[in-house]
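In: Here is a sequence together with a model predicted from it:
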Amino acid sequence: IKTTLDVRWPVPSLTLEPQHFNTYPDQPVLATLEYTGISCAPAEGVPVDTYSLQLIYCGASVISCDPRNRTNIQ
């Protein structure tokens, strides 16, 4: 017997507070990751997932962070 499983991960929503910040870690940033429509209690004995947020300084222009940009070092 061969069965195809339809496995999907819920789409997360990331919220940063404050939305605009000057310098981390001088000004802490609160990141909230939510999965809309998912509501379940964590299972006992299962470790809580840990996420890492990487902040990248783009300089004065958002164009500097475009991965297609080859003229400015990020």
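Out: Thanks, I have the structure now.

In: Once you drop chain neighbours, what's closest to Ile38?
Out: Ranked by CB to CB, 6 or more residues apart in numbering and with sequence neighbours excluded, the top spatial neighbour of Ile38 is Pro10, at 5.1 Å. Backbone N, C-alpha and C define where each C-beta goes, glycine included.

In: and that neighbour, how many neighbours does it have?
Out: The criterion is other CB atoms under 10 Å. On that basis, Pro10 has 10 neighbouring residues.

In: I'd say it and Thr36 touch.
Out: Yes - with the criterion set as CB atoms under 8 Å, Pro10 and Thr36 qualify as a contacting pair; they are 7.1 Å apart.

In: Only C-alpha atoms, please: export the helix-or-strand element of the chain with minimal mean pLDDT in CSV.
Out: Sorted by mean pLDDT, DSSP states H and E, the helices and strands of the chain end with strand 30-35, the least confident at a mean of 82. C-alpha atoms of strand 30-35 as CSV (Å, rounded to 0.1, in the frame of the first residue of the first chain):
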residue,chain,number,x,y,z
LEU,A,30,10.6,42.1,20.9
ALA,A,31,9.8,39.5,18.1
THR,A,32,6.5,37.7,18.2
LEU,A,33,5.9,34.7,15.9
GLU,A,34,2.3,33.7,15.5
TYR,A,35,0.7,30.8,13.6
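
In: name the helices or strands packed onto it?
Out: Helices and strands in packing contact with strand 30-35 are listed as strand 12-17; criterion 3 or more CB pairs under 8 Å, 6 or more residues apart in numbering; DSSP states H and E.
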